[in-house]
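**Student:** Next input, structure requested:
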Amino acid sequence: MAFSPEFLRELEARSPIEEIAGNYVQLKRRGRNLVGLCPFHNEKTPSFNLYPDNNSYYCFGCSNGGGVIQFVMNIERLDFPEAVRWLAQRAGMALPEEGVDDSMSRLRMRILEINREAGRFFYKTLSTPEGKAGLDYFRRRGLDAATIKHFGLGFAPEGGFALVNHLRGKGYTPDELVQADVARFSKNGNPYDRYRARAMFPIFDLRGNVVAFGGRILTDEKPKYINTMDTPVYHKSSGLFAMNFAKNEGSRRLILAEGYMDVIALHRAGFTNAIASLGTSLTEEQARIMKRFADEAIICYDSDEAGRRATQRAIPILRGTGLRVRVITIPGGKDPDEFMRLHGENGPARFKQLLENGGTDIEYRLEAIRGKYDLESSDGKVAYVREAVEQVLCKLQSPVEQEVYANKLAGETGVAAARILSTAAQLARRESKKQEKKAVRAQQEIRAAKSAVNLEKERHLQTALAEEHVIAFLFRNQEKAGELEALLPPEKFVTDWNRRVYKVLLGKIRVGEVSLADFSQELTGAETAELARILADGEAPKWADMETYARIIKSGRGFSDPAWVRGASPEDIKQQLAALRDRKA
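**Tutor:** Numbering: from 1, shown residues only. You can find the predicted model right below:
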């Protein structure tokens, strides 16, 4: 759908970036701007910047940037028209009537309709002879009719064409069914049901839309579960089972379990803040979603070897988002579902005790390390302390936490707490130096990635940087457009991408005041991020500098030493350009 520049500018004016982003990121003011931990990648030091003056954002860690519409597109995984609708609904603005190509948005709507209809079909099948096996399975697992309805559980018939025929009868095409991943094409090109003879668990997004399914086989066949692949409405890396319910629980605490039935058992017992990560290893994206609704995460995975490994993987991911982490281990190797069924009406009270007595993630990790060694022997104590310090203590950011667990180790082994803390500090310094080297390499790679849309930048770095300063000046000083164009016509630009942006910007300024929203329909996401970086990078250039930049651009010279260019830091390059500017050559 095409939107007029006037509509987009008004929408942007009613959608301050700090208000929108503030729902996802904890922000701190830094002068006129705001900073916080980036919601698009895992980081410990804030590199996510908001610029209220031009309603934009930019992350210097992952190069994600743009205007408020781009932010909503990226954070909510929406296409452009849907992000505009999202913001318009929030701002109380009616959408314009005219529209052209909206094919992706319409496909998403069709897939959501297909999923909703498929969910109803699976649920209704439970009450038919074809669904008896599924209903019997849920009853054996202790589920009543209210629970089945609450979670929308169902059963996929065995035949292989029941759902396809039902949905085609509703007017959905074979291509749409395959796009929704509820059907597959046979070798002959005929659609057939993807889910057959399986208990069905619908997956809901945060708005309550059915976006995917998990299907469990009721025999010993493999695979035990099959799940919806990525579709236009669903991404496995961000899906969380029952998050649509848990987000409303209100305690700012989430219980992370392994499977569908574990979560359902916990909800039935009153722990409606339980969720699961849909059969995949926990991802950073899932952890960031959890952080939006919680301050503490309690891991309650199975206590078998696979569950212990999954717990160890999940701890640093959850900690990396700023969540407090605790771990509970269910006695007897049981999972939450088995635990509740074993203890019957006493199950909720017993599980509440487990929650209250559960240790921190650090205690869990130390206990796992301690289990490897014989603490009755000197060698065992030395090995335990060494691994505990290397793997846990030296990575703790809080001095208080370090001291508490150093004292704990000292009590267990007889090694002085001061010696343990000294060793941890030494290892932390060594690790910090490693991380600094990695950060330098990463920044060099990021710098190259930032130029991905301007492929000529490395060959003409000095000129390209001068062009960027001109673009930044023009964006901030639009009343100078006429004078600047006379001084530096677009055809004098050396790099194609910068020339295109400069030319478009000049053209739009002739019509009226320009904001980032005016570029939303003309630049890709990567290009919008690049423009946001140009506007965010360093101090705003002044008119007095434009003549110098114009001479640099007209001369078309780039830095002559490619090796220096590749190894230079962003600050080196800025200083070189500043020196050339100040020379007034």
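**Student:** who's in contact with residue 527?
**Tutor:** The contact partners of residue 527, by C-beta atoms under 8 Å, 6 or more residues apart in numbering, come to 453, 497. For the C-beta atoms, the positions are set from N, CA and C on the backbone; glycine is no exception.
**Student:** How is it assigned, secondary-structure-wise?
**Tutor:** Using DSSP: H, G, I helix; E, B strand; the rest coil, the structure places residue 527 in helix.
**Student:** Model confidence for it, exactly?
**Tutor:** At residue 527, the model reports a pLDDT of 89.
**Student:** Also residue 451?
**Tutor:** Looking at residue 451, its pLDDT is 59.
**Student:** switch to numbering from 233
**Tutor:** Renumbered: residue one is now 233, and that last one reads residue 683.
**Student:** Mind listing what's buried along stretch 379-392?
**Tutor:** For stretch 379-392, the neighbour count (16 or more other C-beta atoms under 10 Å) marks 379, 380, 383, 384, 385, 386, 387, 388, 389, 392 as buried.
**Student:** Looking at those residues, which one is closest to residue 586?
**Tutor:** residue 379 (21.9 Å; C-beta to C-beta).
**Student:** how near is that closest one to residue 690?
**Tutor:** Distance, residue 379 to residue 690, using C-beta to C-beta, to the nearest Å: 60 Å.
**Student:** For the helix or strand hosting residue 343, name the packing helices and strands.
**Tutor:** Residue 343 is part of helix 335-357, with elements assigned from DSSP states H and E. Applying 3 or more C-beta pairs under 8 Å, 6 or more residues apart in numbering; DSSP states H and E, we find helix 335-357 packed against helix 312-323, strand 386-388, helix 394-401, helix 406-411, strand 430-436, strand 442-449.
**Student:** angle of it against strand 442-449?
**Tutor:** Here the directions of helix 335-357 and strand 442-449 differ by 40 degrees (axes from the mean of the first three to the mean of the last three C-alpha atoms, to 10 degrees).
**Student:** Quickly find the element holding residue 586.
**Tutor:** Going by DSSP H and E, residue 586 is part of helix 579-589.
**Student:** list the buried ones in that helix?
**Tutor:** The neighbour-count check on helix 579-589 (16+ other C-beta under 10 Å) flags 579, 580, 582, 583, 586 as buried.
**Student:** Next: stretch 400-411.
**Tutor:** Buried residues in stretch 400-411, counted by 16+ other C-beta under 10 Å: 400, 404, 406, 408, 409, 410, 411.
**Student:** Can I get the residues you listed in CSV including pLDDT and distance to residue 256?
**Tutor:** Below are these laid out as CSV (pLDDT from 0 to 100; distance: C-beta to C-beta, whole Å):
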residue, pLDDT, distance to residue 256
400, 97, 40
404, 97, 34
406, 96, 38
408, 97, 32
409, 97, 34
410, 97, 33
411, 96, 29
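**Student:** of all those, which comes closest to residue 352?
**Tutor:** residue 404 (13.5 Å).
**Student:** That closest one looks like it's in a helix, true?
**Tutor:** No. Looking at residue 404 with three-state DSSP, it is coil, so not inside a helix.
**Student:** mind listing what it touches?
**Tutor:** Going by C-beta under 8 Å, 6+ apart, residue 404 touches 342, 345, 346, 349.
**Student:** quick one: the strands in the stretch 583-732 of the chain?
**Tutor:** 591-592 (DSSP state E, counting those that start in this stretch).
**Student:** can you list contacts of stretch 571-587?
**Tutor:** Contact with stretch 571-587 is made by 374, 487, 497-498, 500-503, 530, 560, 562, 566, 568, as judged by C-beta under 8 Å, 6+ apart.
**Student:** Try it again at 10 Å.
**Tutor:** Contact with stretch 571-587 is made by 373-374, 485, 487, 493-494, 496-498, 500-503, 530, 532, 558, 560-564, 566, 568, as judged by C-beta atoms under 10 Å, 6 or more residues apart in numbering.
**Student:** Mind checking which of those are buried?
**Tutor:** Burial by neighbour count, 16+ other C-beta under 10 Å: within the contacts of stretch 571-587 this picks out 485, 487, 493-494, 496-498, 500-501, 503, 530, 532, 558, 560-562, 566, 568.
**Student:** out of these, which are inside helices?
**Tutor:** Judged by DSSP state H, those include 493, 494, 496, 497, 498, 500, 568 as members of helices.
**Student:** quick one: the nearest residue to the fifth one once chain neighbours are set aside from residue 459, how far?
**Tutor:** Right, the one you point to is residue 498. What sits nearest to residue 498 in space, not counting adjacent residues and going by C-beta to C-beta, 6 or more residues apart in numbering, is residue 506, at 3.7 Å. Going from residue 506 to residue 459 by C-beta to C-beta gives 19 Å.
**Student:** So the two - more neighbours on which side?
**Tutor:** For residue 506 versus residue 459, neighbours defined as other C-beta atoms under 10 Å are more numerous around residue 506 (26 against 18).
**Student:** check contacts around the more buried one.
**Tutor:** Applying C-beta under 10 Å, 6+ apart to residue 506 gives the contacts 473-475, 477-478, 481, 486-489, 494-500, 530, 532, 568.
**Student:** what is it paired to in the beta sheet?
**Tutor:** Beta-bridge pairing of residue 506 under DSSP bridges involves residue 487.
**Student:** Please report how far it lies from residue 571.
**Tutor:** 13 Å.
**Student:** Residue 258 now?
**Tutor:** Counting by C-beta to C-beta, the gap from residue 258 to residue 571 is 35 Å.
**Student:** Tell me which of those two has more neighbours.
**Tutor:** Taking other C-beta under 10 Å, residue 258 and residue 571 do not tie; residue 571 has more neighbours (21 against 11).
**Student:** separation between the more buried one and residue 580?
**Tutor:** Separation of residue 571 from residue 580 (C-beta to C-beta): 10 Å.
**Student:** before we move on, what about residue 416?
**Tutor:** Using C-beta to C-beta, we find residue 416 at a distance of 42 Å from residue 580.
**Student:** domain parsing for this protein?
**Tutor:** Following automatic domain parsing, one finds the domains of the chain at 237-323, 335-464, 475-577, 600-667, 683-815.
**Student:** Which among the ones you listed is found nearest to residue 590?
**Tutor:** Nearest to residue 590 among these is domain 475-577; the distance by C-beta to C-beta comes to 3.7 Å.
**Student:** Return the distance of the closest one from the chain's centre.
**Tutor:** Relative to the mean C-alpha coordinate of its chain, domain 475-577 is positioned 19 Å out (C-alpha atoms, centre = their mean, to the nearest Å).
**Student:** What is the end-to-end distance of that domain?
**Tutor:** Here the two ends of domain 475-577 are set 25 Å apart, with distance taken as C-alpha to C-alpha, to the nearest Å.
**Student:** Now the residue nearest to residue 768 when sequence neighbours are not counted: phi and psi?
**Tutor:** Using C-beta to C-beta, 6+ apart and skipping the chain neighbours, the partner closest in space to residue 768 is residue 290 (4.2 Å). When read as degrees, to the nearest 10, the backbone of residue 290 gives phi -160, psi 140.
**Student:** I figured residue 290 hits residue 272, correct?
**Tutor:** No. Shown here, residue 290 and residue 272 do not form a contact pair, counting by C-beta atoms under 10 Å, at 11.1 Å.
**Student:** now residue 579: how far from residue 699?
**Tutor:** Using C-beta to C-beta, residue 579 is found at 67 Å from residue 699.
**Student:** and what of residue 627?
**Tutor:** According to C-beta to C-beta, residue 627 stands 43 Å off from residue 699.
**Student:** Kindly report the same for residue 474.
**Tutor:** For residue 474 relative to residue 699 (C-beta to C-beta), the value is 51 Å.
**Student:** In terms of neighbours, single out the busier of the two.
**Tutor:** Counted by other C-beta under 10 Å, residue 474 and residue 699 do not tie: residue 699 has more neighbours, with 27 against 22.
**Student:** Quick one: residues contacting that one.
**Tutor:** 686, 689, 692, 720, 724-727, 729-731, 733-734, 766, 781, 784-785.
**Student:** List the residues that contact the residue lying closest to it once chain neighbours are set aside.
**Tutor:** Nearest non-adjacent residue to residue 699, counting by C-beta to C-beta, 6+ apart: residue 730, 4.0 Å away. Applying C-beta under 10 Å, 6+ apart to residue 730 gives the contacts 685-686, 688-689, 692, 695-700, 702-703, 722, 762, 766, 785.
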